[in-house]
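Visitor: just a sequence and a predicted model for now, questions to come.
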Amino acid sequence: MRIKRSNAELRDMLVALMAAQGDDLVRVETVAVTEDSASSEAVQEETRFVGLNSSYTYDILDHAENVTTKQLLQLKTMQAGELDDRLTLGGQITAIADYQRSNREDKFGYLMRNPTSANQIGKDVSEAVIHSANWQTTARLTDDLTAYVELLYNPEQNFGSGTITSIGRNLTQIRRGYLLWGNLDKSPLYAAIGKMDVPFGLNDTVSPFTNSTVWHSFAGLAYGAKLGYFNNGLLVQAMAVQGGAQFQAANVPVNDTSVPSRINNFAIDANYTSVIDDTSSLMVGSSYEAGSPYCQDYPIFHFNPCTDNNPAYSIYTKGVFDKLTVIAEYAQTLDEWPGTQVPDPTRPLSVFEAEKTKSWGVGGRYALRDDLDASFEFSTFVAGPDDAPWERQNQWVAGLSYDLVDHVNLFGELTHVDGFAPLNFLTGGNFDDGSTWSDRDATTDLILLGIQAAF
């Protein structure tokens, strides 16, 4: 009885202290206890100011899945009661070790590592590095308003000049950041404004680490405003996209420049998921984008201005059948990419006509156990006609992944790439003789081990 009286006095002191402070950052809920109760009096924390959710952090920072639906992922997590803290903080780090071999000097087509001669010399390369590190802050400002900021460090896929040890490739950026309005318990509508993924295509992969070629070709990142609707398996997203050359895979000229001074691009995506039974579902979807990145004239270079926009469309599907997950996607521009035609008729490469840009992929993943998956995926990028040096780049990936816990994944991949078709100077323009560094007969083979861990 003496211990119970002491506990009760301590509880009363805590409640009185919080009331005196008038601080709503932490609220204390008292729990009534009778003499017959087996437990002693408890002080429960009802709402915290700062919290961690490693599973949510892993999912929201994952580059492989839910690429274009991160806002919906957040709303579903909130609806499940897993983001009740005022601030949810978390980070993720991906470390890899790999060995690559090419049949061409200084030409490596593996796209998870920017294929630049400044970083990959000779026919054999190897590395043990941090591929990327992220930090996310999710702030529940009100029940309906959420702020999100994501920091990214990615020396392996950074557009900075120099090697992966140069300062320009080792800077941290705000990769995504937006204000999100929405509450699925109140309305199927939601909206976001800021820097986010463009709702175009699926862009997911079944591989544990390597993004599909479709992602590298058409996955957009841009400033803009998004409106979404989700109800009974139907998801519709529309985004007004800032014009000019955006961060990734979105470009509409503004007065014949790449300056992003006007909202003159947009994308719309719709998909429907049919639930077959408790373990199976089938989703089909389609997208349209007014301004794809494939609009530059010769010579092609990232973020160059275009004279006109080049729209694109995508169709995709995802099926989950108990332990088996399959995906398929096809994306294509509506018009030819002007820069894939060499304009000088005296150059030998001018015989190749301009081509519509295409990318497609198909893959499957099978759960060998609850914590062990095996996967295989093929994807391709097609930029030119048959036999052109820049005709295509194919990618095969066989993967195996093991979940140590739900927020730590160990993985291994075997990758084969046919072709070397970098976007910059794809069809030439960087050599005086008019040749190109693209090479349809170049091959790259890769073995990779890694770990992706969130906290």
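Guide: Received, thanks.
Visitor: those helices in this structure, which residues are they?
Guide: Secondary structure of the chain (DSSP state H): helices at 2-21, 54-61, 70-79, 213-218.
Visitor: which of those comes out lowest on mean pLDDT?
Guide: Ranked on mean pLDDT, the bottom entry among those is helix 2-21, at a mean of 48.
Visitor: domain parsing for the protein?
Guide: 2-45, 48-454 (automatic domain parsing).
Visitor: including mean neighbour count, could these go into a markdown table?
Guide: Just so you know, the C-beta spots here come from the backbone N, C-alpha and C atoms, and that holds for glycine as well. Listed next are the domains of the chain as a markdown table, based on neighbours: other Cβ atoms under 10 Å:
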| stretch | mean neighbour count |
| --- | --- |
| domain 2-45 | 11 |
| domain 48-454 | 19 |
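Visitor: hey, least reliable of those domains by pLDDT?
Guide: domain 2-45 (a mean of 43).
Visitor: where do the strands sit along the stretch 301-450 of the chain?
Guide: Counting by DSSP state E, counting those that start in this stretch, the stretch 301-450 of the chain has strands at residues 312-321, 324-336, 356-369, 372-382, 392-405, 408-420, 439-454.
Visitor: partners of the second one, with directions?
Guide: Which is strand 324-336. Next to strand 324-336 in the sheet, as set by DSSP bridges, lie strand 312-321 (antiparallel), strand 356-369 (antiparallel).
Visitor: can you say which of those is nearest to residue 129?
Guide: strand 356-369 (25.6 Å; Cβ to Cβ).
Visitor: now that closest one and strand 392-405, what's the angle there?
Guide: Strand 356-369 and strand 392-405 are oriented at 30 degrees to each other (axes from the mean of the first three to the mean of the last three Cα atoms, to 10 degrees).
Visitor: between strand 356-369 and strand 372-382, how big is the angle?
Guide: Between strand 356-369 and strand 372-382, the angle comes out at 170 degrees (the same axes, to 10 degrees).
Visitor: OK, contacts around the nearest residue to residue 57 once chain neighbours are set aside?
Guide: Setting aside the residues directly before and after it, residue 57 is nearest to residue 90 in space (Cβ to Cβ, 6 or more residues apart in numbering), at 3.0 Å. Going by Cβ atoms under 8 Å, 6 or more residues apart in numbering, residue 90 touches 52-54, 56-57, 61, 135-136, 454-455.
Visitor: ok, the residues you listed vs residue 306, which is closest?
Guide: Closest to residue 306, out of all of those and judged by Cβ to Cβ, is residue 61, at 32.1 Å.
Visitor: leaving aside the residues next to it on the chain, what's closest to residue 267?
Guide: Of all residues not flanking residue 267 in the chain, residue 289 sits nearest, at 4.3 Å (Cβ to Cβ, 6+ apart).
Visitor: my read is that the one you found contacts residue 252, right?
Guide: No: under the criterion of Cβ atoms under 8 Å, residue 289 makes no contact with residue 252, lying 9.6 Å away.
Visitor: what sits in contact with each of the two?
Guide: residue 265.
Visitor: list the residues that contact residue 425.
Guide: Residues near residue 425 by Cβ under 8 Å, 6+ apart: 299-301, 436-437.
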